[in-house]
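Novice: Sequence first, then the predicted structure, then my questions.
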Amino acid sequence: AQSVTQLGSHVSVSEGALVLLRCNYSSSVPPYLFWYVQYPNQGLQLLLKYTSAATLVKGINGFEAEFKKSETSFHLTKPSAHMSDAAEYFCAVSDTGTASKLTFGTGTRLQVTL
Amino acid sequence: GAVVSQHPSRVICKSGTSVKIECRSLDFQATTMFWYRQFPKQSLMLMATSNEGSKATYEQGVEKDKFLINHASLTLSTLTVTSAHPEDSSFYICSASRLAGIETQYFGPGTRLLVL
C-alpha cells in the first residue's frame, strides 16, 4: 500500500522568501510522485512530476522538487515566494502497476505575507 | 492541451433527488477517468476509476448503487448521485488520463454539491 505524509498543514512565508513544502512517501515499488496545486474552489493543477528519470524535477511557476530515495522524500521548493503562490499544495504518489491510481497527502496550505 | 471540464460547477438540490455531474476531456481522448470527493479542508479521496466502455471500479466503502458512474465515450464520464442526502454535500472532482499507467491525470475544476 502507498501513502503520503505532508508535514505541516499550514506554512507561512514572506514574499521573496524560500518556500519549502515537505512530502514523504511510502511505496512498495518504485513510485511516481506528483505535486499539485489547488486554488480556492478550483480543481488541481499539476506542478511537476517524477517518473524515474532525473531526480531533480523542475515544474511550472518556478517550483522544483528533488526525489531522494534514501530519505523517501519529494520536497517541493521555490527560491522566492510570490503572493500568487498562496494556495493548497498536494503531494501524491502513484504505484506504477495500478494504472495511475493516485494517493494524495492531506495537503499544505501556503500563505504568503508581505 | 489536456483540458478537462465539469458541469455543473455548482448545484443545489433537495434531499432525495438525483444529481448528474458531467466530466469531459475537451482536447484529448481519455481512456481512464477518475472521480474524487473532497471535504472542506481535507484531501481528495478517490471514489472510483472508470474505463471507457466498461464498469467502474469503486474504492472500498463507496456505494456503487448510490454513486453511479458511466463512461460511455472517450471524452465523457458522468457521476450520478442518487437519492442525495445532506451528507453527500461535498466537492466532487474528476480527472482524466490518456492511458493507464504512468500518464498524468488532468483534473477538472470540480463541482460543488449542496444537498438541502
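Specialist: Here it is on my side, so go on. Numbering: from 1, shown residues only, chains lettered A, B, ... in the order given.
Novice: Dump stretch A:29-41 to CSV, restricted to CA.
Specialist: Coordinates of each C-alpha in stretch A:29-41 appear next as CSV, following Å, rounded to 0.1, in the frame of the first residue of the first chain:
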residue,chain,number,x,y,z
VAL,A,29,7.5,-0.4,-5.6
PRO,A,30,9.4,2.4,-7.3
PRO,A,31,7.0,5.3,-7.1
TYR,A,32,5.8,8.0,-9.4
LEU,A,33,5.4,11.2,-7.4
PHE,A,34,3.5,14.4,-8.1
TRP,A,35,2.9,17.8,-6.7
TYR,A,36,-0.5,19.5,-7.5
VAL,A,37,-1.7,23.0,-6.6
GLN,A,38,-5.3,23.9,-5.8
TYR,A,39,-6.6,27.4,-5.7
PRO,A,40,-9.9,28.1,-3.9
ASN,A,41,-12.9,26.4,-5.4
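Novice: Give me the contact status of it with chain B.
Specialist: Yes: contact of stretch A:29-41 with chain B (Cβ under 8 Å from any Cβ of the partner chain) involves A:32, A:34, A:36, A:41. Bear in mind the C-beta positions are built from the backbone N, C-alpha and C, glycine included.
Novice: what's the helix or strand for the last one?
Specialist: For A:Asn41, there is no enclosing helix or strand under DSSP states H and E.
Novice: same thing with the third one?
Specialist: Using DSSP H and E, A:Tyr36 maps to strand A:31-38.
Novice: Let me know the pLDDT of residue 24.
Specialist: Looking at chain A here, since you left the chain open. The model reports A:Asn24 with a pLDDT of 96.
Novice: my bad, the chain I had in mind was chain B
Specialist: 95.
Novice: Give me the next element, helix or strand, following the strand holding A:Tyr36.
Specialist: According to DSSP H and E, the helix or strand after strand A:31-38 is strand A:44-50.
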